[in-house]
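Chemist: got a sequence here, can you model it:
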Amino acid sequence: MKNTFGTSVAVTLFGESHGGAIGAVLDGMAPGVPVDEDFIAHQMQLRKSVGALSTTRSEADAVEIVSGVFNGRTTGTPITFIIRNQDQHSRDYGELAYKARPGHADYTAFMKYHGFQDYRGGGHFSGRITAGLVAAGAVAIGALKMNNIHIGTHILSCGDVWDRPFGDLAADIDLLNSSEFAVLDSEKAEQMKAVIAEARSDGDSVGGRLETVVTGLPAGVGEPWFDTLESVLSHALFSIPAVKGVEFGDGFAIADMRGSQANDPYLLDSGEVRTAKNSCGGILGGITNGMPVIFRAAVKPTPSIYKQQDTVDLSKMSETTLTINGRHDPAIVHRARVVADSITALTLCDQLALRYGTDWLANG
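Modeler: Residues are numbered from 1 along each chain as shown. Next up is the predicted model:
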């Protein structure tokens, strides 16, 4: 029953949605990495609920750093981030104590923890727990930027609306990281918002796809077989609540190609080995090839909806129905994109530290 991810640079999550606080401990980060608290606040803002597109639960999400940072830089010891919960409505969940909400982890948590779990708002399984990942991820993103490694994620699709593909990567990453609603085509952004609003008005929810690009990674990062970069990134991405699928490069579409279409021809660019295209998504044999790493994650519709649903009362072992009240997101894909950036950054810091040593993150 552990809640830690990573080997050299590791993150541990703690707390419950309606408990006193949530947070994270980041251990193994190199000493001397600048910690920009304004940037942490910016990242937290990107994860927060946004008007009619999100839940009405309004948390300040102010991050307290209580260890591991001194005079604005990491010390090399564990960094502890605490985020106080201030806007819980626990009474909304009283009727649901033993009614397993479809699409949620209520039943599986009940079985694993023998009924002792905190069921309010999903407890430790709530998407709220990702706030700690975003706080820790902000430090990891800063360490990567020092080494000219940049991450950007956009909402590739929401419902039946699709964003344009990546183009000028540097410009697109800058645009996304300053956008509250991370879409590259502004017209598509408005269409996606309309899809979310329609789902809300129906008492329902909608899912989508996230697409992430990482630039500046050196060739040679990752391990063969069981710790390929695809493996560890997938492991991390599947820890994000609601992620149900991950693909790299051309992904599942590559199964419909011939080898002559799927292979990426090599060429020299100013003396550097590059590929003419990037069907492999920047990874071959589980190891980076120096091209941008590109992957997508499928985010399911928010399971909390306002329609009546069938379920089982676990205290009586009888079939029943439930209607979920309270405050819920009609979509979470727009809030999940900064979580994808954050867990990607944490994973890459771990992989780079394993390859080059922990101090590389601060010194390049």
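
Chemist: show me where the stretch 151-300 of the chain has strands.
Modeler: Applying DSSP state E, counting those that start in this stretch to the stretch 151-300 of the chain gives strands spanning 161-162, 208-215, 243-248, 266-269, 272-275, 283-284, 287-288, 293-299.

Chemist: between those strands, which one is closest to Gly103.
Modeler: Closest to Gly103 of those is strand 243-248 (C-beta to C-beta; 10.8 Å). In this view, the C-beta of every residue, glycine as well, is placed from N, C-alpha and C.

Chemist: distance to Gly6, mean neighbour count and mean pLDDT for the strands of the stretch 151-300 of the chain - can I get that in a markdown table?
Modeler: Formatted as a markdown table, the strands of the stretch 151-300 of the chain follow (distance: least, C-beta to C-beta, whole Å; neighbours: other C-beta atoms under 10 Å; pLDDT from 0 to 100):
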| stretch | distance to Gly6 | mean neighbour count | mean pLDDT |
| --- | --- | --- | --- |
| strand 161-162 | 33 | 20 | 98 |
| strand 208-215 | 17 | 23 | 98 |
| strand 243-248 | 18 | 17 | 98 |
| strand 266-269 | 32 | 9 | 96 |
| strand 272-275 | 29 | 14 | 96 |
| strand 283-284 | 19 | 20 | 98 |
| strand 287-288 | 18 | 20 | 98 |
| strand 293-299 | 18 | 25 | 98 |
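
Chemist: turn these into a markdown table, columns for distance to Tyr306.
Modeler: Supplementary listing: the strands of the stretch 151-300 of the chain in a markdown table, determined by distance: least, C-beta to C-beta, whole Å:
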| stretch | distance to Tyr306 |
| --- | --- |
| strand 161-162 | 23 |
| strand 208-215 | 20 |
| strand 243-248 | 22 |
| strand 266-269 | 54 |
| strand 272-275 | 48 |
| strand 283-284 | 41 |
| strand 287-288 | 45 |
| strand 293-299 | 20 |
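
Chemist: nearest to Ala138, of the ones you listed?
Modeler: strand 208-215 (16.2 Å).

Chemist: which strands or helices does that closest one pack on?
Modeler: strand 150-158, helix 169-177, strand 293-299, helix 333-356 (3 or more C-beta pairs under 8 Å, 6 or more residues apart in numbering; DSSP states H and E).

Chemist: for whichever helix or strand comes after the longest one, what is the distance to the chain centroid?
Modeler: Meaning helix 333-356. Per DSSP states H and E, the first helix or strand lying C-terminal to helix 333-356 is helix 360-363. For helix 360-363, the separation from the chain centroid amounts to 24 Å (computed by C-alpha atoms, centre = their mean, to the nearest Å).

Chemist: output helix 360-363 in CSV with nothing but the alpha carbons.
Modeler: As requested, C-alpha coordinates have been extracted for helix 360-363 and formatted as CSV (Å, rounded to 0.1, in the frame of the first residue of the first chain):
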residue,chain,number,x,y,z
TRP,A,360,23.1,16.8,-13.5
LEU,A,361,19.6,18.3,-12.9
ALA,A,362,21.2,21.4,-11.3
ASN,A,363,24.3,21.6,-13.4
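
Chemist: how many neighbours does Cys280 have?
Modeler: Around Cys280 sit 21 other residues, with neighbours defined as other C-beta atoms under 10 Å.

Chemist: what does Pro292 give?
Modeler: 17.

Chemist: show me the contacts for it.
Modeler: 169, 213-215, 217, 278, 282 (C-beta atoms under 8 Å, 6 or more residues apart in numbering).

Chemist: out of those, who's nearest Lys307?
Modeler: Of those, the one sitting nearest to Lys307 (C-beta to C-beta) turns out to be Val213, at 36.5 Å.
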